[in-house]
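Novice: Sharing a model prediction with you, sequence too.
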Amino acid sequence: MWKRTLGDRELEFRLVGVNNQNFIMEDLETGSWWQQVTGRAIQGPLEGERLEPMPFDIVSLAIWKSEHPDTVVLAAEQEHLDDYFPPDWAAEAEDEMPVPDELVPEGGLAARDLVVGLRHGDRARAYPLEVLAEQTPISDRIGDLPVLIAVAADGRSVRAFERRLDGVELDLYGKPGVDPPMFLDGATGAEFDFRGIGVSGQWEGRQLPKLTPITEFWFDWHNYHPHTGLYRGGSLPGR
Amino acid sequence: MTTRRPLVPLLLLTAIALAAVAAVVLPSSWLMPEVVHTEELIERSYRLDVWGRWTARVLLVAGLALFVMVWRRGGTFARMVGAVPLLLLAGAAWFSGERMAELLMFEQPETIRFVAHAEATHVADDELVMGLVVDGQARAYPVLMMAYYHIANDRLAGEPYVVTY
């Protein structure tokens, strides 16, 4: 999700086509082509420009509603009811659209294994979703940025935060037996909820800075972040 | 006095019709999902796309002139044969600027409407949504819907953004 302003200019986008299974969009104002996954203009008058990311979450509707009771939801268009994807589409994607061999990265994961990707500056790191589900929450460091990444019991609702407040780096642990997940500050016992907001103790009312984790197929993440690290903490199940 | 045969304008008409179709169809076809893409291929399709858009229209005008020559010089048969490339040219000019991906696979929503979550019976509780908050207002875009649309140009509390999936 991207802000569609560039300086004073507002842009409107449409789909042009696909670049190695990640789509290219075109702005109607200049006709420049933009890569969806990176938000970077790759052709045309605006080539080299970057869109600013729009912070967003991907979580289950249940979690989103519980956190935002006043939320509205995109309405269905009757004429497209049959076009919306079925819940199991990701599992069937490989049959319908096999990944060309040229795009399958070396090492460890299968092309369509899901990873959760985080970017910080020029750095990128991918966390296999399976590993994350086993080890959640994972404390890590990307460059100089201490991060916490967690997934809910559904195995899909992912959040990531900078685990630092007022310059204090926090050691955060999962609170056992709760879902959506909560986090405990090892030093003070203060609690944070899944939104990253302190709900008790020293950090009550404070928001951990949110990051935008992207759940992607491994080959896709790797293709657009060729220098990505792959989180190897613990074993990779079954491989 | 030389005989004015329709063959030359007919051949020219056919040639420019094929060129126009190639200019318009190739860039889009290079951007289909089955293709392994390189930076060179993307650049080539962008250039041909920009060039092809205008060329197809210019060629259509030239094609019309050639068809008039065929019409004057030839009989019924030549006119019928000439109509084929002329139709191709018209098709290429119409298609130029269109997007094969949009026509064949996805269509972004024309008007974006929201409902209260209690009325969102088209989304199961365990389905993923892309959620955002601007100025205290929360919106959710179900992933299964966005996987079809791919793109939604939207705005909330004065902030224009594009939802992509």
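Specialist: Alright, I've got the coordinates.
Novice: Show me the shaky parts of the chain.
Specialist: If you meant another chain, say so; for now it's chain A. Low-confidence segments of chain A (pLDDT under 70): A:94-96, A:234-239.
Novice: Chain B was what I was after
Specialist: Scanning chain B residue by residue, the ranges that satisfy pLDDT under 70 are B:1-3, B:99-105.
Novice: max-length helix in it?
Specialist: Scanning chain B for the helix with the most residues, using DSSP state H, yields helix B:39-73.
Novice: so how far is it off the chain centroid?
Specialist: Taking C-alpha atoms, centre = their mean, to the nearest Å, one finds the center of helix B:39-73 at 15 Å from the center of the full chain.
Novice: Can you give me the buried ones in it?
Specialist: Residues of helix B:39-73 classed as buried: B:41-42, B:45-46, B:48-49, B:52-53, B:55-57, B:59-60, B:63, B:66-67, B:69-70, B:73 (neighbour count, 16 or more other C-beta atoms under 10 Å in any protein chain shown). All C-beta spots, glycine's among them, are computed from the backbone N, C-alpha and C.
Novice: What's the separation between the residue nearest to residue B:70 when sequence neighbours are not counted and chain A?
Specialist: Leaving out its chain neighbours, the residue that sits closest to residue B:70 by C-beta to C-beta, 6 or more residues apart in numbering or on different chains is residue B:82, at 4.0 Å. Here the distance between residue B:82 and chain A works out to 33 Å (C-beta to the nearest C-beta, to the nearest Å).
Novice: what about residue B:82, which SS state?
Specialist: Judged by DSSP: H, G, I helix; E, B strand; the rest coil, the three-state class of residue B:82 is helix.
Novice: which residues sit in contact with it?
Specialist: Listed by C-beta atoms under 8 Å, 6 or more residues apart in numbering or on different chains, the contact partners of residue B:82 are B:6, B:9-10, B:13, B:66-67, B:70-71, B:74.
Novice: Touching, residue A:89 and residue B:147? I think so.
Specialist: Yes: contact status for residue A:89 versus residue B:147: in contact at 6.5 Å, counting by C-beta atoms under 8 Å.
Novice: Between these two, which has more neighbouring residues?
Specialist: For residue A:89 against residue B:147, the residue with the higher neighbour count under other C-beta atoms under 10 Å in any protein chain shown is residue B:147, and the figures read 17 against 14.
Novice: Now that one: closest residue in space, sequence neighbours ignored.
Specialist: With C-beta to C-beta, 6+ apart, the residue lying closest to residue B:147 is residue A:85, at 4.2 Å.
Novice: ditto for residue B:130
Specialist: The spatial neighbour of residue B:130 that comes closest, neighbours along the chain excluded (C-beta to C-beta, 6+ apart), is residue B:141 at 4.5 Å.
Novice: quick one: the one you found and residue B:164 touch, right?
Specialist: No: counting by C-beta under 8 Å, residue B:164 is not a contact partner of residue B:141; they are 10.1 Å apart.
Novice: Can you name every helix or strand that the longest helix of chain B contacts?
Specialist: Judged by 3 or more C-beta pairs under 8 Å, 6 or more residues apart in numbering or on different chains; DSSP states H and E, helix B:39-73 is in contact with strand A:40-43, helix B:7-30, helix B:76-95.
Novice: Taking the centroid of chain A, which residue is nearest it?
Specialist: residue A:214 (1.8 Å; C-alpha atoms, centre = their mean).
Novice: quick one: contacts for the residue of chain B found nearest chain A?
Specialist: Residue of chain B nearest chain A, by C-beta to the nearest C-beta: residue B:31 (2.4 Å). Shown in contact with residue B:31 (C-beta under 8 Å, 6+ apart): A:16-19, A:24, B:37, B:42, B:45, B:100-101.
Novice: Helix or strand for residue B:147, just tell me which one.
Specialist: Under DSSP states H and E, the secondary-structure element containing residue B:147 is helix B:143-149.
Novice: What residues sit buried inside whichever helix or strand comes after that helix?
Specialist: Once the chain leaves helix B:143-149, the next helix or strand it forms, by DSSP H and E, is strand B:151-156. By neighbour count, with 16+ other C-beta under 10 Å as the criterion, the buried positions of strand B:151-156 are B:151-154, B:156.
Novice: filter those residues down to the ones near chain A?
Specialist: Of the entries in the buried residues of strand B:151-156, those that also sit close to chain A under the rule C-beta under 8 Å from any C-beta of the partner chain are B:151-153.
Novice: roughly how far apart are the closest residue to residue A:67 other than its chain neighbours and residue A:216?
Specialist: On the basis of C-beta to C-beta, 6+ apart, the spatially nearest residue to residue A:67 that is not a chain neighbour turns out to be residue A:195, at 5.7 Å. Between residue A:195 and residue A:216 the computed distance is 23 Å (C-beta to C-beta, to the nearest Å).
Novice: Then residue B:148?
Specialist: Residue B:148 sits 18 Å away from residue A:216, taking C-beta to C-beta as the criterion.
Novice: Same check on residue B:22?
Specialist: Remark: distance between residue B:22 and residue A:216 (C-beta to C-beta) = 35 Å.
Novice: No further questions, thank you.
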